[in-house]
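> just a sequence and a predicted model for now, questions to come.
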Amino acid sequence: MNPTSIDTAKRRMRLVLILSLAALLAIAGRLFYVQGINAAQVAQTAQDNRMREQVITPTRGSIVDRNGTTLAVSVDRYDLVIDQREQKDMISRKKRDGSNEREKITYEQAAKEIAEILDQDVEQVSDAIRPEDGEKPKGYVVVAKGVTPEIKNEVMEVGVPRLISQLRSERQYPQGVIAGPLLGFVRNSEDQTSVVGAEGLELSQEQRLRGTDGSRKIEVGADGVRIAVADSEEVPAVDGQDVKLTIDSDINFVAQREAEKKRAEFNAEWVSVVVQEVKTGKILAIGDSAQLDPNNPGATPGEFRRSVSITRAFEPGSTGKAATFAAAVDAGKVKPTDEFRVPNKYTVSKETINDSLPHATYDMTVSGIFARSYNTGTVMVGEKMSNQERYEYMRKFGLGDAIQLGLNGASKGLLAEPKAWDRRQQYTTMFGQGYSQTVLHTASIFQTLANGGVRIPPSLIESYVNPDGTEEKPEAGQNTRVVKKSTAQEMLKLMESVVEEGTGTKMKIPGYRVGGKTGTGQAAGESGGYDGYTYSFAGVAPLDDPQFVVVATMYRPKGNWRNFSVADTFTEVMSHTLNTFNVPPSSTEPDTYNVFVGKEQKKPW
């Protein structure tokens, strides 16, 4: 090698050495900065990269009846998922004999053990926990969904690495169809980790039931596994409140059973039975013939996934006469013993009012007109008042306003102001046509009359129960005096006349004094006019100390309207309710007014 070449080589070596020293100095300087000057920030950044925040889902509150019977409850269920990446050939685990010794097993053996626990196909489990030959490992594979805590624990004890459990809530309805349209149902949340209300109380009471999310911060290693010895931060979740209802599930079962029997008997579109406490306004039962099982809501047509007792408004027919007679008595326009000559047809203001069946012209009392439910006589009583006066009483009874039970979709019905009534409507509103209301409105009117004339807003929610067991009462509605106490007492006598001597003789219950009002109303068709009927009975018992109102309503039954009856529906549900609350039999005899003027009281219909 010549001198020139040697010099060149030396220069290159010196350059390489200088560059290497410069690089080492840069690394040393950076290391000094990181570990010396900026150590805290670097450590924090590393820790931040290891931190994971998890949402702690609260337990959804339960829905229970007045006696504490569970109607809806959330249970813990787990999804088992696995990360197939970076798996070793064998699984190292503790022996399952209780000792501290370890053993190695194959993935095939693990799959067999898990399949036995889950009662699944071995191949299916094997494909889930480990990719097949040639397939790319996946970071998230579901092994099983919705397993119980016990099953989850057994599977985790198999010891498969990177297999984790994810907690999610599952909603169950232990009583099945009981009060189903009231309870409603749930759907999965957007992140699929919990459930949210979709209908009924589950929806309307969502904010009460769901609770408040908590959070947890944990440190994980490079393999994604939690570092057990690392510190963690946790804000606990606040579980949802339980919703305690006024419903008695046993009475509701009977109401639903009888509603379905009656629907089947007359092939009706629907039947509803409502039971209400007179002195509190509390709803004890709302029985719908279209029974919704919240565990399987899809099996019920959409139109019946809400209670028709609350959502469907219809022209009530003759049960609506109770408001007319109560208003006339309360305003001092008539007395129960006042006399009227009642023909089969009555023409007023060029409008002819007919009774449902031809009958002779009778000299009758106001009480008798109510008992026999004659439209002609009702108009004679009603026209003693102005349209505005009657309208104001109807409004005080709650007509034209939605009854708020804490449920969505409540119908207010339709009650136009008197200035909008046409020539005929001013008379048909006297006997339950020309306006609409729900079954719940009917129950509320009769609760008012049975409660000395004071209307107590119907209620469905008894209380909200906090996780610590304390109870929170919902805001109570405003009680309203609709008619005088003396008027209400007179109306009870008129209602007893219906059962003793009028259209409701089949509604008698042995041992108890019963009063009420039958109703047959025409059902409005979709294209105008009337093309069906609504048949109902609203009853109160026992009349010597009114405790309960039961309203049974049948919408659009098939057949001859003269055969329609909900007598057995009413008597079965009312009898069961009286027995459930151990109400003693009546100790007094029926107290009614004469139906006809004079001594002769037995006259043909």
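Received the coordinates, thanks. Numbering: from 1, shown residues only.
> max-length helix in this structure?
As assigned by DSSP state H, the longest helix anywhere in the chain is helix 3-32.
> tell me the gap between it and the middle of its chain.
Taking C-alpha atoms, centre = their mean, to the nearest Å, one finds helix 3-32 lying 81 Å from the centre of the chain it belongs to.
> pLDDT below threshold where in this protein?
Applying pLDDT under 70 to the chain flags the ranges 1-7, 32-54, 192-193, 218-232.
> buried set for the longest helix of the chain?
The neighbour-count check on helix 3-32 (16 or more other C-beta atoms under 10 Å) flags nothing as buried. Glycine gets a C-beta too; all of them are placed from N, C-alpha and C.
> how far away is Val81 from Asp119?
Distance, Val81 to Asp119, using C-beta to C-beta, to the nearest Å: 19 Å.
> swap in Met380?
Taken as C-beta to C-beta, the span from Met380 to Asp119 is 75 Å.
> which one of these two is surrounded by more residues?
In this view Met380 and Asp119 are compared by other C-beta atoms under 10 Å, and Met380 has more residues nearby, 23 against 8.
> quick one: contacts of whichever strand or helix holds Val573?
Per DSSP states H and E: Val573 is located in helix 567-580. Outside of helix 567-580, the residues within contact range by C-beta atoms under 8 Å, 6 or more residues apart in numbering are 248, 250-251, 254-255, 258-259, 261-262, 271, 273, 275, 284-285, 287, 504, 506-509, 512, 514, 516, 537, 539, 541-542, 547-548, 550, 552, 554.
> give the buried subset of these as a ChimeraX selection command.
Buried residues among the contacts of helix 567-580 (16+ other C-beta under 10 Å), as a ChimeraX selection:
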select :248,250,251,254,255,258,259,262,271,273,275,284,285,287,504,507,509,512,514,516,537,539,541,542,547,548,550,552,554
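> circling back: list the buried residues for the helix holding Val573?
By neighbour count with 16+ other C-beta under 10 Å, helix 567-580 contains the buried residues Ala567, Thr569, Phe570, Thr571, Glu572, Val573, Met574, Ser575, His576, Thr577, Leu578.
> Pro458 contacts Leu440, doesn't it?
Yes - using C-beta atoms under 8 Å, Pro458 is in contact with Leu440, at 6.1 Å.
> what do these two both touch?
Both Pro458 and Leu440 are contacted by Ile403, Leu405, under the criterion C-beta under 8 Å, 6+ apart.
> what is the neighbour count of the residue nearest to Arg372 when sequence neighbours are not counted?
With sequence-adjacent residues excluded and distances taken as C-beta to C-beta, 6 or more residues apart in numbering, Arg372 is closest to Gly502, at 5.4 Å. If you count neighbours by other C-beta under 10 Å, Gly502 ends up with 24.
> what of Arg341?
Residues near Arg341, counting by other C-beta under 10 Å, number 13.
> for Ala541, see how far away it is.
34 Å.
> for Phe548, list each beta-bridge partner.
Legend: beta-bridge partners of Phe548 under DSSP bridges are Glu277, Ala541.
> show me what counts as buried in stretch 592-604.
For stretch 592-604, a neighbour-count test (16+ other C-beta under 10 Å) marks Thr592, Tyr593, Asn594, Val595, Phe596, Val597 as buried.
> again but with stretch 388-402, I slipped
Neighbour-count burial for stretch 388-402, counted by 16+ other C-beta under 10 Å, picks out Glu389, Arg390, Tyr391, Tyr393, Met394, Lys396, Phe397, Gly398, Leu399, Gly400, Ala402.
> surely the last one and Ser411 touch.
In other words, Ala402. Yes - the pair Ala402 and Ser411 qualifies as a contact (C-beta under 8 Å) at a distance of 6.4 Å.
> okay if I get the buried residues of stretch 388-402 as a markdown table plus distance to Glu202?
Shown next, in a markdown table, are the buried residues of stretch 388-402 (distance: C-beta to C-beta, whole Å):
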| residue | distance to Glu202 |
| --- | --- |
| Glu389 | 43 |
| Arg390 | 40 |
| Tyr391 | 38 |
| Tyr393 | 37 |
| Met394 | 34 |
| Lys396 | 34 |
| Phe397 | 31 |
| Gly398 | 26 |
| Leu399 | 29 |
| Gly400 | 29 |
| Ala402 | 20 |
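> keep only those of these that are in strands.
When DSSP state E defines the strands, the subset of these inside them is empty.
> closest to Glu101 out of those?
Ala402 (70.2 Å; C-beta to C-beta).
> let me know how buried the closest residue to Lys558 other than its chain neighbours is, in neighbour terms.
What sits nearest to Lys558 in space, not counting adjacent residues and going by C-beta to C-beta, 6+ apart, is Asn267, at 4.4 Å. For Asn267, the count of nearby residues is 10 (other C-beta under 10 Å).
> done for today, thanks.
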